[in-house]
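>>> next come a sequence and a model predicted from it.
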Amino acid sequence: MAGSSPRVPLSVRARAYATVLALTEKQGWGYGRVARHVGLSPSTVYNWIVGRHSPLGSCNKPNLTSSPCLSYLAGAFLGDGSLIRSTSYHYELRLRVKDREFAEWVCTCLGSVIGRPKRVRADEKGFYIARAWSRLLYEYLSSLDSIRGTAEEFPAKFIRGFADAEGSAAISVGGSRTPTLWFYVVLVNTNLELLNYIKLLLWTKFRIGSCILLGKKRHSMWSKLPCYYLKIGRREGQRRFANLIGFGIERKQSKMRVALSLLDAYGPSRAALQWQRIFEKRRRIWVKRD
C-alpha cells in the first residue's frame, strides 16, 4: 500500500496513518516493527513518521468527527446529492436543487465540515448549487456503513437532511360530498435499504411509527427504477416528527404545522375548509394565498 496510490481508498490510508502514529508515539515502536504490523514497507512508514510524505496527499481534510452538521450533510447527500469522481481523480460533492433555502443549509454544513465557507451559486436554469471538493468526504458519504455512527449520534439532523431532500408534507383535500383534509409526512427514494434504516431510526430514537410502500414502477424522476414511500400516517407520530425532527426548509415545516394545527382544532372535515381559505392549489402544489 503505497502512500500515494490512488487505488487504495483514502479513508483506508487515513486509518493506517492513525495506526502508525499511535504505535510510534504511544507504544514507542520502531518503524520496522510498525511496518510489519500494518503491512507497509519500512520506507513508507519512515517517511510518514518524519513527515517527509503524507498518506493524505494535498487533499482537503474535512472534520469527520460526528457532529450535527456532518449528520445533516449525510442525510441530504444520500437523498439529493451527487458524488462525482473525474478521470483525473478529482472528487466533487454537488447538490443541485430548486430550493435555495435547502442549498443554503447544505453550504453551511459543508463549510463547517471542510473548514472554509461555501456559497450557493445559481445556474442558468434556475437551480441552486452547493459544491465542494474533498476525497475523504467523498469516500465517507459514499458508504452508508461509514455514516451510521454519526446518524445514530445525531439522528434528528440526519433524518432532517434526508427529509429536506426527499420529504414532503403531503396534503390533499378530497371527498365526494364533504371535503376532508388528509395529511401525511412522506419520504421517497429508490433505496429500500436506506428507507428501512430511517424507519428503524424513527422508531428506536423517537418512537415514531411509519410504513414503507412500493410506489409506481416508473417514476418520472428515476426512470424505470421502482420508488418507495416511507409514510408517517398516525397523528401522534406526525406531531413527534414536527416537534423532534422537522424540516429545515421553512415552507415544508410551515405547511406541516398549519395542517396539524387545523386537524387538532377542527377535525378533518372542517379543517379542509379552513385549509382552503389559507392555501390554494397551483399546478398540484399548495401555496399560501396572497
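Everything's here; your move.

>>> from here on, contacts and neighbour counts on C-alpha atoms
Noted.

>>> next, work out how far apart G267 and A259 are.
In this structure, G267 and A259 are 10 Å apart, going by Cα to Cα, to the nearest Å.

>>> between these two, which is the more surrounded one?
A259 (23 against 14; other Cα atoms under 10 Å).

>>> may I ask which helix or strand encompasses that one?
Secondary structure assignment for A259, by DSSP states H and E: helix 250-278.

>>> I'd like the next helix or strand past that helix.
That would be, after helix 250-278 and using DSSP H and E, strand 279-282.

>>> mind saving the C-alpha coords of that next one as PDB?
Output of strand 279-282 as PDB, limited to C-alpha atoms (Å, rounded to 0.1, in the frame of the first residue of the first chain):
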ATOM      1  CA  PHE A 279     -53.900  27.900   0.700                       C
ATOM      2  CA  GLU A 280     -54.700  27.400  -2.900                       C
ATOM      3  CA  LYS A 281     -53.500  24.800  -5.300                       C
ATOM      4  CA  ARG A 282     -51.300  25.800  -8.200                       C
END
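
>>> what's that strand packed up against?
strand 285-288 (3 or more Cα pairs under 8 Å, 6 or more residues apart in numbering; DSSP states H and E).

>>> what lies in contact with the strand it packs on?
I278, F279, E280, K281 (Cα atoms under 8 Å, 6 or more residues apart in numbering).

>>> may I see the buried residues of it?
Within strand 285-288, the residues scored as buried using 16 or more other Cα atoms under 10 Å are W286.

>>> how much space between L263 and Q238?
12 Å.

>>> please identify which of those two sits among more neighbours.
Q238 (24 against 20).

>>> so in terms of bridging, what pairs with the closest residue to that one other than its chain neighbours?
Nearest residue to Q238, sequence neighbours excluded (Cα to Cα, 6 or more residues apart in numbering): I232, at 6.3 Å. Applying DSSP bridges to I232 gives these bridge partners: V185.

>>> so who does I232 touch?
Contacts of I232 (Cα under 8 Å, 6+ apart): Y184, V185, V186, I208, G209, S210, C211, Q238.

>>> redo these as CSV? Include distance to W105 and pLDDT.
Converted to CSV, the contacts of I232 look like this (distance: Cα to Cα, whole Å; pLDDT from 0 to 100):
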residue, distance to W105, pLDDT
Y184, 24, 94
V185, 21, 96
V186, 21, 95
I208, 25, 97
G209, 27, 96
S210, 26, 96
C211, 28, 96
Q238, 23, 96
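
>>> are any of these buried, and if so which?
With burial judged by 16+ other Cα under 10 Å, the buried subset of those is Y184, V185, V186, I208, G209, S210, Q238.

>>> before we move on, the earlier item: quick one: which two of the contacts of strand 285-288 are the most distant?
Checked with Cα to Cα, these reach their widest spread between I278 and K281, with 10.5 Å between them.

>>> having no further points to raise, I will conclude here.
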